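> kindly generate the corresponding structure for this input.
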Amino acid sequence: MSLWERIATQTNGDAYATAYAERFRAMAAAGQDVHGEAGLVTGLAGPPPARVLDAGCGTGRIATHLAGLGYDVVGVDVDDSMLRVAQEEAPSLDWRVVDLATMDLGRIFDLVLVAGNVIPLLEPGTLDAVAGRLAAHTADDGLVVCGFGLDEDHLPGDCPVTSLADVDAAFARAGLEPVERWSTWDRGPWDGGAGGYVVTLHRRAPGGGPA
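Numbering: from 1, shown residues only. Predicted coordinates for the structure are as follows:
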């Protein structure tokens, strides 16, 4: 069982995909803003139909919203049970079961989004491979946006912490240059990690990523 599957079932049981989607539906029904990630993407990617890859899209909440705004979106995830929920919600969108460490979609994107604690939930030892694959799918001068917890309080179950320094180093080796970082999806000022969460912005320099 993968790290993601173990923690997902530990947190929500075998029906974790449905439980995950229902949690966000309930939040939206209660009037909470569940589109913070998409709001940042629209401010960075430019107007539709900019190309967006939702890497680790889960049940498709973000990708579906962006597609509704007119963006050219592909959603990928390693978990086919999560993608089945996404497919039921938005059957016309491009959903693909993909391991980010070996991803090869045959196209590039203006912005690659990696939200939902995907980074710390990667299989041990795959961060460099994933960074390389993200860079390979990013257009020259395109952007990679990641959001993830930096401490136990901001990670699910017993998910291990992945340090920001390790992420920065892996992304640098992949040819992704740091541009900005925030403490929230609505661009709250970076607090040095005191809040336990980070949103990073990297840019692929022309010719800078792996082939």
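> I'd say residue 145 and residue 112 touch.
Yes - the criterion here is Cβ atoms under 8 Å, and residue 145 meets it with residue 112 at 7.3 Å. Bear in mind the C-beta positions are built from the backbone N, C-alpha and C, glycine included.
> neighbour count: those two, which is higher?
When neighbours are counted by other Cβ atoms under 10 Å, residue 145 and residue 112 differ, and residue 112 comes out ahead with 28 against 24.
> packing partners for the helix or strand encompassing the more buried one?
Residue 112 is part of strand 109-114 when elements are defined by DSSP states H and E. Using 3 or more Cβ pairs under 8 Å, 6 or more residues apart in numbering; DSSP states H and E as the contact criterion, the elements in contact with strand 109-114 are helix 36-45, strand 51-55, strand 138-149.
> export those to CSV and tack on distance to residue 190 and mean pLDDT?
CSV is the format used below for the helices and strands packed on strand 109-114 (distance: least, Cβ to Cβ, whole Å; pLDDT from 0 to 100):
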stretch, distance to residue 190, mean pLDDT
helix 36-45, 14, 94
strand 51-55, 22, 98
strand 138-149, 13, 97
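> ok, and which of the ones you listed has the densest surroundings?
strand 51-55 (a mean of 28; mean count of other Cβ atoms under 10 Å).
> paired strands for it, with orientation please.
Paired with strand 51-55 in the same sheet, following DSSP bridges, are strand 72-77 (parallel), strand 109-114 (parallel).
> in JSON lines: these, plus mean pLDDT and distance to residue 87.
Below are the strands paired with strand 51-55 laid out as JSON lines (pLDDT from 0 to 100; distance: least, Cβ to Cβ, whole Å):
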{"stretch": "strand 72-77", "mean pLDDT": "98", "distance to residue 87": "10"}
{"stretch": "strand 109-114", "mean pLDDT": "98", "distance to residue 87": "19"}
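> nearest to residue 44, of those?
Evaluated over the strands paired with strand 51-55, closeness to residue 44 peaks at strand 109-114, with 6.1 Å, by Cβ to Cβ.
> what is the mean pLDDT for whichever helix or strand comes after that closest one?
As assigned by DSSP H and E, the chain's next helix or strand after strand 109-114 is helix 127-136. Across helix 127-136, the average pLDDT comes to 98.
> helix 127-136 vs strand 51-55, what angle?
If you take axes from the mean of the first three to the mean of the last three Cα atoms, to 10 degrees, helix 127-136 sits at 160 degrees to strand 51-55.
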